[in-house]
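Enquirer: just the structure for this:
(chains A, B and C)
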Amino acid sequence: MSADLSGFLLDVLYVGTKFVVTSMQTHRLKIIQATYKQRQHDTLVELYGRTDTGQSITVLYEGFYPYCYMEAVPGALEVVRRNGAVAPKVLWDRLEDVELVHDQKTIKCHKITVMHPSVVKKIRDQFNTVNVLLSSGINLDRLPQFFSADIKFGIRFMYDLDLGSCIEVMGKPYEEEHPYTTELVILADIVAPAEDFQVNFSILSYDIEASMSTKTMLCNCFWIRRSDGTEVEYRLIGTEKEMLKEFQKIIIEEDPDVITGYNIDGFDNPYLNDRHEANYLPRLKIGRNGTAWRSRDVKNSKMWFVTGRIIADAMYMARKFSNPRRETLQYVSQLLLDESKLDVNASLIDEEWAKSRQDVLDYCSKDAYLALRIIDKLKVLDYYSNLAAVGMVPLTTVYSGATSPLIDSHLVREFEKAGFAVPVGGKPDPDYKKIQGATVVDPEPGVHNWVVVVDYKALYPTTIMVHNMCPTTLDMENGTIVSPVGARFLPPEIRKGLVPIVIERLQDMRNEYKAKMWVEDPDNPGEKIKSPMHGFYKGLQNAVKVISNAMYGILTATFYRFFKKIIGASITAYARAALDRIIQWIRKMNLPLVAGDTDSCFVRSPWPNLNGCITLGKMLSNQFTADGYELEFEKVLNPWFTHGAKKRYFAHVVWDDGKILLDNPDVYSRGYEIRRTDSFDYCLDSLEELLEAVCTEGAETAVSLAKERVKLIYEGSVSAEQIAYSKRCKPEAEYKKPESQIQVRMARMLKEMGHRFTPWMKVSFIYTDGDKSPKQAYPFIDGEKFPHTPDWDYYAVRMAEVLGRVTDVFGCDAGALLQYAKGQTSLDSYGVIA
DNA sequence: TAATGGTAGGGGAGGAAACTTTGGACATAG
DNA sequence: TATTGCTATGTCCAAAGATTCCTCCCCTAC
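Expert: Model prediction:
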């Protein structure tokens, strides 16, 4: 490997009579994790990441201290001073008096700087604990409020140095003895923000086969793709102890940023951990600071963490990014990669192992390989990388899946810069009454031709900006902007809200990224072509959208630090009013409004042709693009169908944002079983064909298709695979009555049958007796023959209900469909259905 | 190192409550 | 005239069935 000499500065120091030459280096890196180590008298900031040159790096920074703000209640500081457990850890010489604005009032505060992050919590806690407070012997008028007192220290560091997810550091190699295992370990003098760049993370994907009878490990196969793109495969066999030790050693040597595998959170990780215990080995030590991994209970199941790396379960990623109907590795790799697992019966693994070790090793290795490919295919790392860049947080923060830290990252910085207090997050209120949300228009059932769709662009963010809504402008006395629910906000001339400022900045950012996706075509001046960085900027602009859209939700979350119920209620009230303006106008003009939801209206055009629709769409758009709101003319649908339920539509798109698709229309479908993952394939395939027929063939053909389908399933002429239901199963403790839930009963059965099941997985099953209560069913296993007889009667009824909702519009209800299937002419034999 | 975006809505399943039908015991009329 | 055997009918009451209503749950739209 050749060093990049341009990044070196020679720093010559004169020490006594000798010249000592030290090398100052600069590095650019993307932060994977920002954390810290508490030392005796200070805290060391630790940033783990990967550089633009592909090296793993630990950046250390000394001299940055934790702090928080405490309201200056008389005597409060004395309480801290007298607490022997806390006072020695406070840097009293750094104590500052500051004024912070909170709820339109100026509050006198102490800025308390301490040695360790844990001290901040202790200071807060002593005011919560009556005994500690009493023992201080001080009577307080009231308890002081705390501000900026729950920000993680690594994040605090990034806020204060205004860092994003990519940074530039200047420093020297860390010479002290240290536990860090990255290629580079730098003690930084300067840490500065850097423009975002793409990083090639290294990734390890592993899979373990375990004996069913002895519970010991048979083999561990894994693949590593290094930062330079090369891939290596390892296959560990031998004694369990050797395999465990070897795995740890290779992880440290190869130093992957990301560790993955299929269902590792549910199986491989806890299993590995158990085997370490069984072999009297310490926990797997794979942290980049030499520490062991650890697990945390999240919603009744475990998640695994390791310092400096990300443990990303490929199953979780597949679930999150592609919402597959089933979640077995076999199904997902078929769906996403068009590849299969190798043919080894996992529930008979001991026999297979005895028969042919080579086959089991190949099988195991392929599983690890598939997990790696799934992560690639879904572009998981790109997505998180972008989200981290826009959210200005380390990669681990976005990986955790929470969106509030991304919003926090922008708002807290903004609040602190402007001198506003940053409250600590609250606890959920069990008595909380939901605020009123959006309007949904009752749709007009039937087939409609030439329907124009208009919707407000970014309705909630726009609403926040237009009405200057923010905790910093909410002023019930002086506010002149009065929301429909009575909240009063200061106008921007008096004080521009910080939330609107952040939203505006995000929008500008998005426009900038969008612009960078395209460049002038050198061959065709005036024409735009994709820029070489098209994909990169596309990802970034999408990340901005994700964060913008989350803003309303976060501000309306009770636990969020900037939560104000009346602001949330005002946002939705203004939004309802905006939609209502269009609805009223459309009704006044006597135009048929066929549907509408939150920010959109579906209007049937009085002119039954594309040009007429375009005229109407543009007219609506012009009419209602005003006062900061932008109504977009989105689509023309022809035809458009609904059976009359909200949020359930099916249509053909013949015009989409300027593109004419008359000859080859896109399908537009919302809510129907077609889009649902908890229905069975035959049902949703049939429904899709039925809706297609409704749109293209007319009612008669559609009805006979529905009748035929119900008949076929009633006769049992459908494969087991096509009638398998699939439902997510949570940990049993999450249910009020676990055994009443079919998915719980199926999960129990799966386990009894010797299959791996971990909570939060989807389970597949087929009903065998729908008359019993609770209904009887058996698990369906991918690729295996279903050994029971399905209750075709039950399936016929289900199909009839689903298809009947559609055909009912044309006078043929579920009962009639069933009647045809059963070849009966009278209703009485199954009167319940009618 | 206890972490957490929201509300609106459709639709299936299970189960309790309210309601209806059924069937046995008994009485009475013929 | 009184009693018995038998059937038809009515009433009461509990069990069984069918409905309705509510809640839980999953998943989706926005």
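Enquirer: for the residue in the stretch 251-400 of chain A that DNA strand C sits nearest to, which non-adjacent residue is spatially closest?
Expert: Residue nearest to DNA strand C within the stretch 251-400 of chain A (Cβ to the nearest atom of the strand): A:N323, separated by 5.5 Å. To be clear about C-beta, it is placed using only N, CA and C from the backbone, and glycine gets the same treatment. Distance criterion Cβ to Cβ, 6 or more residues apart in numbering; nearest residue to A:N323, sequence neighbours excluded, is A:T677 at 6.1 Å.
Enquirer: that neighbour belongs to a strand, doesn't it?
Expert: No. Note on A:T677: no strand contains this position according to DSSP: H, G, I helix; E, B strand; the rest coil, which reports coil.
Enquirer: give me the phi and psi for it.
Expert: Backbone torsions of A:T677, given as degrees, to the nearest 10, read phi -100, psi 0.
Enquirer: then A:V482?
Expert: Backbone phi and psi, for A:V482 under degrees, to the nearest 10, turn out to be phi -110, psi 120.
Enquirer: name the nearest residue to it, ignoring sequence neighbours.
Expert: A:R488 (5.5 Å).
Enquirer: and for the residue nearest to A:N323, the neighbour number?
Expert: Per other Cβ atoms under 10 Å, the neighbour tally for A:T677 reads 16.
Enquirer: how much space between it and DNA strand B?
Expert: Going from A:T677 to DNA strand B by Cβ to the nearest atom of the strand, to the nearest Å gives 11 Å.
Enquirer: over to A:S347?
Expert: Distance from A:S347 to DNA strand B, by Cβ to the nearest atom of the strand: 26 Å.
Enquirer: model confidence for the closest residue in space to that residue that isn't next to it in sequence, exactly?
Expert: Leaving aside its chain neighbours, A:S347 sits nearest to A:G754 (4.6 Å; criterion: Cβ to Cβ, 6+ apart). The model reports A:G754 with a pLDDT of 83.
Enquirer: cool, and the one 10 residues further on?
Expert: What the model reports for A:S764 is a pLDDT of 94.
Enquirer: next, it: secondary structure please.
Expert: Taking three-state DSSP, the label given to A:S764 is strand.
Enquirer: same check, this time on A:S717
Expert: Relying on three-state DSSP, one would call A:S717 coil.
Enquirer: separation between it and A:A796?
Expert: 11 Å (Cβ to Cβ, to the nearest Å).
Enquirer: which of these two has more neighbours?
Expert: A:A796 (23 against 9).
Enquirer: for that one, list the residues it contacts.
Expert: A:V710, A:I713, A:Y714, A:L818, A:A821, A:K822 (Cβ atoms under 8 Å, 6 or more residues apart in numbering).
Enquirer: neighbours of the last one, how many?
Expert: Put plainly, it is A:K822. Other residues close to A:K822 by other Cβ under 10 Å number 16.
Enquirer: tell me what the helix or strand that contains A:R576 is packed against?
Expert: Using DSSP states H and E, A:R576 sits within helix A:565-588. Counting contacts by 3 or more Cβ pairs under 8 Å, 6 or more residues apart in numbering; DSSP states H and E, helix A:565-588 is packed against strand A:451-456, helix A:459-466, helix A:534-555, strand A:593-597, strand A:600-604, helix A:610-624.
Enquirer: what parts of the stretch 1-150 of chain A come near DNA strand B?
Expert: A:T35 (Cβ under 7 Å from any atom of the strand).
Enquirer: strands along the stretch 101-250 of chain A, start to end?
Expert: A:105-113, A:146-147, A:166-173, A:184-193, A:203-210, A:217-225, A:231-236 (DSSP state E, counting those that start in this stretch).
Enquirer: list of residues touching the longest one?
Expert: In this case it means strand A:184-193. So strand A:184-193 is contacted by A:24-25, A:27, A:47, A:51, A:55-62, A:161-164, A:166-175, A:178 (Cβ under 8 Å, 6+ apart).
Enquirer: now with 6 Å, please.
Expert: The contact list for strand A:184-193 (Cβ atoms under 6 Å, 6 or more residues apart in numbering) reads A:55, A:57-61, A:161-164, A:167-172, A:174.
Enquirer: restrict the residues you listed to the buried ones and give me that as a PyMOL selection.
Expert: Buried residues among the contacts of strand A:184-193 (16 or more other Cβ atoms under 10 Å), as a PyMOL selection:
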select buried, chain A and resi 55+57+58+59+60+61+163+164+167+168+169+170+171+174
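Enquirer: re the thing from before, turn the helices and strands packed on helix A:565-588 into a markdown table, columns for mean pLDDT.
Expert: Listed next are the helices and strands packed on helix A:565-588 as a markdown table, based on pLDDT from 0 to 100:
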| stretch | mean pLDDT |
| --- | --- |
| strand A:451-456 | 97 |
| helix A:459-466 | 96 |
| helix A:534-555 | 92 |
| strand A:593-597 | 96 |
| strand A:600-604 | 97 |
| helix A:610-624 | 97 |
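Enquirer: A:E96 contacts A:K111, doesn't it?
Expert: Yes. Using Cβ atoms under 6 Å, A:E96 is in contact with A:K111, at 4.2 Å.
Enquirer: these two: who's more crowded?
Expert: A side-by-side neighbour count of A:E96 and A:K111, using other Cβ under 10 Å, places A:K111 first with 16 against 11.
Enquirer: who touches that one in this structure?
Expert: Counting by Cβ under 6 Å, 6+ apart, the residues that A:K111 touches are A:Y67, A:Y69, A:E96, A:V98.
Enquirer: can you classify the last one as helix, strand or coil?
Expert: Translated: A:V98. Going by three-state DSSP: A:V98 is strand.
Enquirer: again with the second one
Expert: Secondary structure for A:Y69, judged by three-state DSSP, is strand.
Enquirer: burial measure for it, as a count.
Expert: 22.
Enquirer: could you check how far it is from A:S669?
Expert: According to Cβ to Cβ, A:Y69 and A:S669 sit 52 Å apart.
Enquirer: wait, what's in contact with the closest residue in space to A:N449 that isn't next to it in sequence?
Expert: Leaving aside its chain neighbours, A:N449 sits nearest to A:P639 (5.0 Å; criterion: Cβ to Cβ, 6+ apart). By Cβ under 6 Å, 6+ apart, the residues touching A:P639 are A:V447, A:N449, A:C695.
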